[in-house]
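Enquirer: The following comprises the amino acid sequence and a computationally predicted model.
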Amino acid sequence: MAGQFDAHSVRRAEEVLRDIFGYEAFRPPQDEIIQLLISGEDAVVLMPTGGGKSLCYQIPAIVRPGTGIVISPLIALMQDQVQALRQLGVRAACLNSALELPQAEAVERQWLNGELDLLYAAPERLMTERFQALLEQAQPALFAIDEAHCVSQWGHDFRPEYIQLSVLHERFAQVPRVALTATADAPTRREIVERLGLTGARQFISSFDRPNICITVNESASNARDRLLRFIRDRHPGEAGIVYCLSRRKVESVAEYLASQGLTAVPYHAGLDKDARANALHRFLHEDGVIVVATIAFGMGIDKPDVRFVAHLNMPKSLESYYQEIGRAGRDGLPSDAWMAYQLQDVIQLRQMIEGAGADDEHKRVERAKLDAMLGYCELTKCRRQALLAYFGEPLDEPCGNCDICLQPPELFDATVAAQKALSAVHRTGQRFGVNYLIDVLLGKPDERISRFGHDRQSTYGIGTELAPHEWRAVFRQLIAHGYLTVDLEGHGGLHLTPACRPVLRGETQLSMRKAMKSTASPGRRRRRAADTLDSSALAPEDERLWEALRNTRKRLADERGVPSYVIFSDATLADMLARRPTDARTLLAVSGVGQYKLDQYGEQFLEVLAAHPPGLDPA
Ligand code: ADP
Ligand code: ZN
């Protein structure tokens, strides 16, 4: 039955892509997913952030008769999407608890009158009797279950209402459903399929690689803040970013520090009052180049496509969280950075959090293993992206060429003797002490505690003067990362030997380690600009001026309408304008991201700016 509409619906979908969204071609497998849904079948879609999930249900909702119902867990996310769709001339609305009753009733009326292409709703709203009754009367074009990993009880985003969404299938068996998520792991995928009754659905699993994100990890004991500042100034002046810290106190001090250095930085954490948080979020979305310094409370459900960097000033608790957090950079596909500075103290602090959390032993064991994997990742000597993707079960054949290790391979040295000394120091002092104490022993420092414990009379006292303290710290970190030492379960930071260290102590294994980094250089010091997509060298002065003028026009139009700049046009669209320099409506329409509706709305303003900056006429 579906077959006979195929040729026609393919053409319709392509028209919608071009005329409404202003894009040239589908990014596979968008086309396949869209065809499947249009023909009435179900799909499960796993795509990384920025992969282009939204089009997969928006286009079928527009093409199919009736209204597409999108279930989304976060009000901010819904509002964002609705706003963006309306800017494209698509008839979209949302129903959530933020609406007053009369507003909600108005939306319901539009819906029943067939005046909506897409309706976004929170899951708890969807399950109400009222909504279910409305669904019976209206004609749902499809159900899109966004952020479908919220159905997983083991994930940190679990939403109990998601489990009830299986009734959609029972009540509306004819309506196609699509579940979408950016969460990569296989157990979650299985849970989505089982709990949402999608066993018959076709699965589309995309690569989780985000090649536009340059990954950098630095060890940094004391000067992380200064390094962060240098990184932002070098690579992302005036651009938007997120800086993650472990504690609220640190969030505040780092935000203050960055602001004192002339950057636009605002703090965000759960301890701030509601208005302060809303204000920070609003500024991040509506002003250009705002940096939010935040605890992990910030970020989920933020669709801002032009976040140019995500920085971590502490090690995250797992690679899962890390990958999710850095994924908030560069959704628009333009070059972006994931930058981290970490220290051994982070491991100790995270360990304390795990042990103090009151979870059962099994849970703690899992958390510890995740933390170990995280530290192992930080101390890698091979391509980070290969390791990350491998952790999520995806092979990457070649080193990526876009991480600190690929760009600036670490120097290795034979650390066998150093490791033996370090491990002996742990052993001889009774496996009770932390790294700083052990380093003092190795360096033979005169210290009251050391002499009180009699550790100055042992053979390991003063045997390590060939290395500097920061080099010893690197040795200890790598010994922990490679499983020769563990941090005590009590979380005081005391180091224990593991059985794995025996062959090292006996001299049966050679150990190679990366040298401690002293240099402050970050890979590719070159200043990156959003416009890099069109030309990876720096912009010519006249291009620079046009780029600024295009951005200013966008900002003005956005402010007039009370929407974020990227809702008018994305950076990618402005970059394409810069590259093509359209001179009339027809050529402007060829720019990626310019559809008919936006052409009508903003075409003239942008054509004026372009005309005022002809190429190759640099007055300077
Ligand atoms: P996701 O929801 O998977 O994180 P989005 O749906 O927000 O990703 O899409 C990310 C960006 O890519 C958006 O700016 C979107 O407009 C753009 N995009 C999606 N599909 C295409 C396409 N076929 N051609 C060009 N740009 C696209
Ligand atoms: Zn790499």
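Expert: In hand now; what should we look at? Ligands and ions are numbered 1, 2, ... in the order given.

Enquirer: got the contact list for the residue of the stretch 101-250 of the chain at minimum distance from ligand 2?
Expert: Proximity to ligand 2, evaluated over the stretch 101-250 of the chain using CB to the ion, is greatest for residue 215 at 7.1 Å. Where C-beta positions appear, they are placed from N, C-alpha and C, glycine not excepted. Going by CB atoms under 8 Å, 6 or more residues apart in numbering, residue 215 touches 326, 337-338, 384-385, 388, 400, 402-404.

Enquirer: mind redoing it with 6 Å?
Expert: By CB atoms under 6 Å, 6 or more residues apart in numbering, the contact list for residue 215 reads 338, 384, 403.

Enquirer: wait, doesn't residue 269 sit right on residue 251?
Expert: Yes - Residue 269 lies in contact with residue 251 (CB atoms under 6 Å); the separation is 5.0 Å.

Enquirer: When the two are compared, which one has more neighbours?
Expert: Between residue 269 and residue 251, counting by other CB atoms under 10 Å, residue 251 is the more crowded of the two (26 against 22).

Enquirer: For the more buried one, grab phi and psi.
Expert: When read as degrees, to the nearest 10, the backbone of residue 251 gives phi -50, psi -50.

Enquirer: Next one: residue 78 from residue 317, what distance?
Expert: Separation of residue 78 from residue 317 (CB to CB, to the nearest Å) stands at 29 Å.

Enquirer: Could you list the low-pLDDT ranges of the chain?
Expert: 1-5, 184, 221, 489-491, 517-538, 616-620 (pLDDT under 70).

Enquirer: Can you pull up the most central residue in it?
Expert: residue 327 (2.1 Å; CA atoms, centre = their mean).

Enquirer: State the helix or strand in which residue 242 lies.
Expert: If you go by DSSP states H and E, residue 242 is part of strand 241-244.

Enquirer: tell me what that strand is packed against?
Expert: Using 3 or more CB pairs under 6 Å, 6 or more residues apart in numbering; DSSP states H and E, the elements in contact with strand 241-244 are strand 291-294, strand 309-312.

Enquirer: Now distance to residue 579 too, for the ones you listed, in CSV please.
Expert: What follows is these, written out as CSV (distance: least, CB to CB, whole Å):
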stretch, distance to residue 579
strand 291-294, 28
strand 309-312, 23
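
Enquirer: Please name whichever of these is nearest to ligand 2.
Expert: Nearest to ligand 2, of all the helices and strands packed on strand 241-244, is strand 309-312, at 17.2 Å by CB to the ion.

Enquirer: before we move on, the earlier item: what's the closest of the helices and strands packed on strand 241-244 to residue 128?
Expert: Among the helices and strands packed on strand 241-244, the nearest to residue 128 by CB to CB is strand 291-294 (33.1 Å).

Enquirer: Give the pairing partners of the closest one; include direction for each.
Expert: Strand pairing for strand 291-294, using DSSP bridges, gives strand 241-244 (parallel), strand 265-268 (parallel).

Enquirer: nearest residue to the residue nearest to the centre of the chain other than its sequence neighbours?
Expert: Spatial nearest neighbour of residue 327, excluding adjacent residues (CB to CB, 6 or more residues apart in numbering): residue 49 at 4.1 Å.

Enquirer: For the stretch 251-400 of the chain, which residues are neighbours of ligand 2?
Expert: Residues of the stretch 251-400 of the chain lying near ligand 2 by CB under 5 Å from the ion: 383, 385, 399-400.

Enquirer: Name the residues contacting each of residue 269 and residue 251.
Expert: Shared contacts of residue 269 and residue 251 (CB under 6 Å, 6+ apart): residue 295.

Enquirer: just to revisit the earlier point, now do the same contact list for the residue nearest to residue 327.
Expert: Counting by CB under 6 Å, 6+ apart, residue 49 makes contact with 182, 327, 331.

Enquirer: tell me the contacts of the first one?
Expert: Residue 182 makes contact with 48-49, according to CB under 6 Å, 6+ apart.

Enquirer: about what we covered before: is the residue of the stretch 101-250 of the chain closest to ligand 2 bridged to anything, and to what?
Expert: On the basis of DSSP bridges, residue 215 is bridged to residue 338, residue 403.

Enquirer: What distance do you get for it to residue 11?
Expert: Taking CB to CB, one finds residue 215 at 41 Å from residue 11.

Enquirer: give me phi/psi at the residue with the largest distance to the centre of the chain?
Expert: Going by CA atoms, centre = their mean, the residue of the chain most distant from its centre is residue 457, 51.4 Å out. Backbone torsions for residue 457, taken as degrees, to the nearest 10, come to phi -100, psi 10.

Enquirer: any idea how far it is from ligand 1?
Expert: Going from residue 457 to ligand 1 by CB to the nearest ligand atom, to the nearest Å gives 62 Å.

Enquirer: Would you map the strands across the stretch 501-620 of the chain?
Expert: Under the criterion DSSP state E, counting those that start in this stretch, strands of the stretch 501-620 of the chain are mapped to 512-514.

Enquirer: Run through the residues of it sitting next to ligand 1.
Expert: 570, 592 (CB under 6 Å from any ligand atom).

Enquirer: want to throw the helices and strands packed on strand 241-244 into CSV with mean neighbour count and distance to ligand 1?
Expert: Output for the helices and strands packed on strand 241-244, formatted as CSV (neighbours: other CB atoms under 10 Å; distance: least, CB to the nearest ligand atom, whole Å):
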stretch, mean neighbour count, distance to ligand 1
strand 291-294, 26, 19
strand 309-312, 25, 15
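
Enquirer: and residue 410, how far is that from residue 209?
Expert: Distance from residue 410 to residue 209, counting by CB to CB: 22 Å.

Enquirer: again, but for residue 594
Expert: 28 Å.

Enquirer: And the two? Which one has more around it.
Expert: residue 594 (24 against 16).

Enquirer: Give me the phi and psi angles of the nearest residue to that one once chain neighbours are set aside.
Expert: In space, and not counting its chain neighbours, residue 594 is closest to residue 22: 4.4 Å by CB to CB, 6+ apart. According to degrees, to the nearest 10, the main-chain angles of residue 22 amount to phi 80, psi 20.

Enquirer: tally of neighbours for residue 22?
Expert: Residue 22, neighbours per other CB under 10 Å, totals 23.

Enquirer: how far away is it from residue 446?
Expert: Residue 22 sits 71 Å away from residue 446, going by CB to CB.

Enquirer: ok, now residue 44?
Expert: In terms of CB to CB, residue 44 sits 65 Å off from residue 446.

Enquirer: Same drill for these two, tell me which one is more crowded.
Expert: Higher neighbour count among residue 44 and residue 446: residue 44, with 23 against 8, using other CB under 10 Å.

Enquirer: So what pairs up with the more buried one in the strands?
Expert: What pairs with residue 44, by the bridge criterion (DSSP bridges), is residue 179, residue 203.
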